[in-house]
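J.: no FASTA, just this:
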């Protein structure tokens, strides 16, 4: 059997993903390589992966053709988008990738759109009896707004364009101030959690690993712990199978007493990816199996609880060569620390 070579798109700063897939391929008898693709020559993952590729931006007509060429060049079998930017673009072209032997392990465009449009997702959750904070479009606010509320970008990411309004004056101000198409959402109390999950390509959830959000910065988890919590796992499985998610996803919710309120769904691996890898969630191995056309059985709850991630800064030191190219500096003064998984 040929190796299950992996192409990570929009790879950016996700050194944790590169390390996890390199480790997963090293465990396989056939081995394999990780290819990182990005539009920026300064993306650190390009210098951590086995092979690197500069590609056009996702909105360029040449983006998908460039990825298809990479799949042929490197005998890629698994294509994994790492951001919200290109999942729908790639899954809309599943057939083209299949023609060159590659499987896009990501959700279909319709599910990607629901994960991006927070108001549309809220409406779907209400229709299916899934807990979700009360949410309104600016022109449909109730007579009595239950302050405090959040003004949130309808299609936001990375905790951008979120403002807390404590009264009607602040609400009116933030709705004028924000530059993003917004919605208004009831403020959630209680504890916030994230659940990292993965589904097969028929939309069946295979595993869900809840984690506490001990500390976040700019919407990114920097400290988190895997939790043995069946109720949180059930929330994630229900969300995934209701939206028809495929491949990786991350569900964020609040628990207030016996109530669970889903606030965000991301159709990609979340920032706490190292937690569920270290806890034995098996996600890289599942991605490889799906790319080979295998049908793994659900293993919900098979991970280890009590695994804690604490993040720190690291870097890759580069050197320009005479042709303005870049390579990893031979002498980095001991600054380079390889990512641990």
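T.: Received the coordinates, thanks. Bear in mind the structure is a predicted one, so any value in this text is a computation, not a measurement.
J.: give me the low-pLDDT residue ranges for the stretch 101-250 of the chain?
T.: Along the stretch 101-250 of the chain, the parts satisfying pLDDT under 70 run over 158.
J.: what's the longest helix belonging to the chain packed up against?
T.: Using DSSP state H to define each element, the chain has its longest helix at helix 230-243. Counting contacts by 3 or more Cβ pairs under 8 Å, 6 or more residues apart in numbering; DSSP states H and E, helix 230-243 packs against helix 109-116, helix 118-127, strand 191-199, strand 205-217, strand 247-256, strand 259-266. For the C-beta atoms, the positions are set from N, CA and C on the backbone; glycine is no exception.
J.: rerun that using 6 Å as the cut-off
T.: With contacts defined as 3 or more Cβ pairs under 6 Å, 6 or more residues apart in numbering; DSSP states H and E, helix 230-243 has these neighbours: strand 191-199, strand 205-217, strand 247-256.
J.: Excluding covalently adjacent residues, which one is nearest to residue 66?
T.: Nearest residue to residue 66 in three dimensions, chain neighbours excluded: residue 55, at 4.4 Å (Cβ to Cβ, 6 or more residues apart in numbering).
J.: and that neighbour, what pLDDT?
T.: Per-residue pLDDT puts residue 55 at 98.
J.: give me the number of residues near it?
T.: Neighbour count for residue 55, taken as other Cβ atoms under 10 Å: 20.
J.: Surely it touches residue 37?
T.: Yes - counting by Cβ atoms under 6 Å, residue 55 touches residue 37, with 4.9 Å between them.
J.: rewinding a little: list of residues touching the longest helix of the chain?
T.: 111, 114, 128, 193, 195, 197, 199, 205, 208, 210, 251, 253, 260, 262, 300 (Cβ atoms under 6 Å, 6 or more residues apart in numbering).
J.: just these now: which is nearest residue 181?
T.: Among the contacts of helix 230-243, residue 114 lies closest to residue 181 (Cβ to Cβ), at 16.1 Å.
J.: Can you show me the strands along the stretch 51-200 of the chain?
T.: Along the stretch 51-200 of the chain, counting by DSSP state E, counting those that start in this stretch, strands occupy 51-54, 76-81, 103-104, 135-136, 149-153, 162-165, 182-186, 191-199.
J.: what lines up beside the fifth one in the sheet?
T.: Spelled out, that is strand 149-153. Strand pairing for strand 149-153, using DSSP bridges, gives strand 162-165 (antiparallel), strand 182-186 (antiparallel).
J.: Check the last one too.
T.: Its sheet considered, strand 191-199 pairs with strand 205-217 (antiparallel), strand 247-256 (antiparallel) by DSSP bridges.
J.: Same question for the third one.
T.: Taking DSSP bridges as the criterion, strand 103-104 pairs within the sheet with strand 76-81 (parallel).
J.: Next: the first one.
T.: Using DSSP bridges, the strands paired with strand 51-54 are strand 34-38 (parallel).
J.: who touches residue 105 in this structure?
T.: By Cβ under 6 Å, 6+ apart, the contact set of residue 105 is 78, 80, 247, 287, 290.
J.: ok, so of these, who is nearest residue 118?
T.: Among the contacts of residue 105, and counting by Cβ to Cβ, the member closest to residue 118 is residue 247, at 20.2 Å.
J.: re earlier: let me have the strands of the stretch 51-200 of the chain in JSON lines, adding distance to residue 227 and mean neighbour count as columns.
T.: Formatted as JSON lines, the strands of the stretch 51-200 of the chain follow (distance: least, Cβ to Cβ, whole Å; neighbours: other Cβ atoms under 10 Å):
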{"stretch": "strand 51-54", "distance to residue 227": "36", "mean neighbour count": "16"}
{"stretch": "strand 76-81", "distance to residue 227": "25", "mean neighbour count": "27"}
{"stretch": "strand 103-104", "distance to residue 227": "30", "mean neighbour count": "25"}
{"stretch": "strand 135-136", "distance to residue 227": "26", "mean neighbour count": "19"}
{"stretch": "strand 149-153", "distance to residue 227": "25", "mean neighbour count": "22"}
{"stretch": "strand 162-165", "distance to residue 227": "25", "mean neighbour count": "17"}
{"stretch": "strand 182-186", "distance to residue 227": "25", "mean neighbour count": "21"}
{"stretch": "strand 191-199", "distance to residue 227": "7", "mean neighbour count": "24"}
